[in-house]
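> Pasting the sequence and the predicted model now:
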Amino acid sequence: MIESLRKICRDLLQSNEVQVVIGYGQSGPGKPVHPVFVRRPEDIHQLVWNEHCYTNLVAYLKRKEVQSLGKAAIIVKGCDERALVVLEKESQLERKNLHVIGVACEGMGEPRLRKCQTCKVRLPRFANEVVGQMASAVDDSRPRWNELEEFLKQSPAERMAYWVEELGRCLKCYACRQVCPLCYCERCLVDKNRPTCINTSATPKGNFAWHITRAFHLAGRCVGCDECTRACPVGIDLRLLNQSLARAAEEQFNYRAGMDPQAEILLGSYSLQDKESFIG
Amino acid sequence: MSEVISTTDLRQLVGDWLSQGKRVVGPRQVKPDLILYEPLVNGEQLLLDGFVRPSNSIKEFVFPRHESVYAYLFQGKELDLVDAEVPFREQVLLAARPCDAAALPILDPLFNWDYEDEFYNTRRRTTTVVSLACLAHDDACFCTSVGLGPAETRGSDAILLSTGDDEFVVQPVNEKGRALFSGHTRGSAAEPTFPPGPKKKFKPGHVQTFLREQFESSFWQEQTLRCLGCGACAYTCPTCHCFDIVDEGNATGGIRAKNWDSCQFSMFTLHASGHNPRNVQAQRQRQRLLHKFLVYPEKFGKILCTGCGNCTRNCPVSLGVLSVLEALGTGQSI
């Protein structure tokens, strides 16, 4: 499978259809897998594919250093691809300027990541081509909100105590923002300092302000790639916040970000049928 | 003959220190996959083995991520300035890794160079550092490449060395360390056992030559392209010490505070004019290594890195000091 992936990428570089392939590399067996940017056909052996290809490479499309390399081919898993759908709907990219190579994915990590256990997009759906096949059928039956529902069984006071402790650890390193494919603002709200909108201090107040604002800005947009959670050096489970908003979008508006390219984006559309029951 | 303390007695001693009103900080299992240096509530929380090192560093207990330096209060047309209280609570940083402890004497001259930082200095004076010699290392560790090692005592007031038998040899480095354990150890013929540190992975002299001569090299762009520009490396680094000064308040008053900052953020060098001398991430990564291996040693005589490997382990895309310097050594693409 890796050979067909490499062949596709080599051909794309050789024909100059793209100038860079954004994929996964590894400096040796057992070493961490990390993003690579292959620009010459003869370097294509750098590409790898295995169950440690965690990074959602779509985050690189917002980086001007990467944009300056020319037209890109990008390797995506089905979950990563959902971010591409949202970015296109939000006019952040034009698909004709991007070559998308989907890879069939059996899930990442050993044991599998939480997002993989309920994944329904293991085969990318809108890529220019898809490499690999699914060895097993997608199990469609597993409920997605188990953890969230378990969490919500606690009293508001218990939940607050949980978040005080979790967010209390936040260092304000903004890894959650930087790895997010959908955090593409050129100047983030927290970086505005004339005047300051959100306290930059890593204090309980400043940390709540940051994380709640971050979550709200991703409401109806977050595709659940969980990169923020993976990137956090102090283990804050941001997935819970994101899931809470994703479930609201789904239950109130029958909307799942990045699933249907035909669907109008949730926050950019208005319908007389929109529910108001969740307000107030 | 050496002085030893059993694990049980050490945990008991933590309880004693706590009841004396001291803050005791040590490695703690915070979540199933997360070990951090955190204040301990009892001796049982102290995690002594089975891991390489905590994800954070001890620096935040002498140089916190957020610190008020004074408060201001508007009284009509008058402005009152109120000094912040200088912290003076005694604390013990226990089972610190030698690569964490060694960072403190590296940072001391920085906080006492053109200005003596009262907050930092007071914390340093009221802190006793008890390190624990390393029993394990991983691929990200490189203390031996920057002149340190698994039983290094720089920055420690005492060091504990495992005998492999649920007890530790206590080696005081100075009077402060001796006083802390006085009366709590017993004589023993037991010898400490610990494996050698990681093999040397690069030569600082080679790095310095490259930094001097290859400022404009395409190496920086090629090797650091995957950096996404967060501050996970700097904020978990024992030696990174940049901070920002911010005002936080409202119409009636507020505080002026020192907050951690990172040279990897695009805003770090952004001028008021809109010009940014470090406009792309490669320049910021180059800056990080320049500061650690050239600028700081030239100014203060010490490499600003202890080889702990936190930058690599905590990086969402596995890019740390080591991966860049290893690529420099071999010329291989990372």
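Received the coordinates, thanks.

> now the helices: where do they sit in the chain?
Just going to use chain A. A:2-14, A:64-67, A:78-89, A:114-117, A:146-152, A:156-168, A:175-178, A:204-217, A:227-231, A:238-253 (DSSP state H).

> try again with chain B
Assigned by DSSP H, chain B shows helices spanning B:7-19, B:98-101, B:103-107, B:118-125, B:175-181, B:204-213, B:219-224, B:232-236, B:281-290, B:296-300, B:310-314, B:321-330.

> Now do the one residue sitting closest to the centre of chain A against chain B, distance only.
Nearest residue to the geometric centre of chain A (C-alpha atoms, centre = their mean): A:Cys225, 3.7 Å. According to C-beta to the nearest C-beta, to the nearest Å, A:Cys225 and chain B sit 12 Å apart. C-beta coordinates here come from the backbone N, C-alpha and C atoms, glycine included.

> So that residue sits against A:Leu113, correct?
No: applying C-beta atoms under 8 Å, one finds A:Cys225 not in contact with A:Leu113, separated by 9.9 Å.

> what's the most buried one of the helices of chain B?
The highest mean neighbour count among those belongs to helix B:98-101 (a mean of 28), with neighbours defined as mean count of other C-beta atoms under 10 Å in any protein chain shown.

> quick one: is it near chain A?
No: for helix B:98-101 and chain A, the contact criterion (C-beta under 8 Å from any C-beta of the partner chain) is not met; the two come no nearer than 15.3 Å.

> From the contact counts, what lies against that helix?
Helix B:98-101 makes packing contacts with strand B:127-132 when contacts are defined by 3 or more C-beta pairs under 8 Å, 6 or more residues apart in numbering or on different chains; DSSP states H and E.

> Next, the angle helix B:7-19 makes with the strand it packs on.
For strand B:127-132 against helix B:7-19, the angle by axes from the mean of the first three to the mean of the last three C-alpha atoms, to 10 degrees is 170 degrees.

> Give me the packing partners of strand B:127-132, helices and strands only.
Based on contacts counted as 3+ C-beta pairs under 8 Å, 6+ apart, the elements that strand B:127-132 packs against are strand B:91-96, helix B:98-101, strand B:158-162, helix B:175-181.

> State the mean pLDDT of the last one.
Regarding helix B:175-181, the rounded mean pLDDT is 97.

> Just the CA atoms of it, as PDB, please.
Listed in PDB are the C-alpha atoms of helix B:175-181, where the atom choice follows Å, rounded to 0.1, in the frame of the first residue of the first chain:
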ATOM      1  CA  GLU B 175      24.500  22.600  54.100                       C
ATOM      2  CA  LYS B 176      20.900  23.300  53.100                       C
ATOM      3  CA  GLY B 177      20.500  19.700  51.800                       C
ATOM      4  CA  ARG B 178      22.300  18.300  54.800                       C
ATOM      5  CA  ALA B 179      19.900  20.100  57.200                       C
ATOM      6  CA  LEU B 180      16.800  18.800  55.400                       C
ATOM      7  CA  PHE B 181      17.700  15.200  56.000                       C
END
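
> got a pLDDT number for the residue positioned nearest the centre of chain B?
The residue lying closest to the centre of chain B (C-alpha atoms, centre = their mean) is B:Pro238, at 1.7 Å. pLDDT for B:Pro238: 98.

> Please list all residues in contact with it.
Residues counted as contacts of B:Pro238 (C-beta atoms under 8 Å, 6 or more residues apart in numbering or on different chains) are B:Ser57, B:Ile58, B:Lys59, B:Cys99, B:Asp100, B:Ala102, B:Ala103, B:Thr306, B:Cys308, B:Asn310.

> out of these, who's nearest chain A?
Of all those, the one with the least separation from chain A (C-beta to the nearest C-beta) is B:Asn310, at 8.3 Å.

> Show the contacting residues for the closest one.
If you count contacts by C-beta under 8 Å, 6+ apart, then B:Asn310 has B:Arg53, B:Ser55, B:Asn56, B:Ser57, B:Ala140, B:Cys233, B:Thr236, B:Cys237, B:Pro238, B:Gly320 around it.

> sorry, back to before: out of the helices of chain B, nearest to A:Leu218?
Comparing those by their distance to A:Leu218 (C-beta to C-beta), the top pick is helix B:232-236, with 19.6 Å.

> Now do that closest one: which elements does it pack against?
helix B:310-314.

> re the thing from before, pipe the helices of chain A into TSV and attach mean pLDDT, mean neighbour count and distance to chain B per row.
TSV is the format used below for the helices of chain A (pLDDT from 0 to 100; neighbours: other C-beta atoms under 10 Å in any protein chain shown; distance: least, C-beta to the nearest C-beta, whole Å):
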stretch	mean pLDDT	mean neighbour count	distance to chain B
helix A:2-14	97	17	15
helix A:64-67	95	16	5
helix A:78-89	97	24	14
helix A:114-117	92	17	12
helix A:146-152	94	13	14
helix A:156-168	97	13	9
helix A:175-178	98	24	4
helix A:204-217	95	18	8
helix A:227-231	98	24	4
helix A:238-253	94	19	13
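
> Including distance to B:Leu294, could these go into a markdown table?
Rendered in a markdown table, the data for the helices of chain A read as follows (distance: least, C-beta to C-beta, whole Å):
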| stretch | distance to B:Leu294 |
| --- | --- |
| helix A:2-14 | 36 |
| helix A:64-67 | 23 |
| helix A:78-89 | 38 |
| helix A:114-117 | 42 |
| helix A:146-152 | 48 |
| helix A:156-168 | 37 |
| helix A:175-178 | 26 |
| helix A:204-217 | 34 |
| helix A:227-231 | 29 |
| helix A:238-253 | 37 |
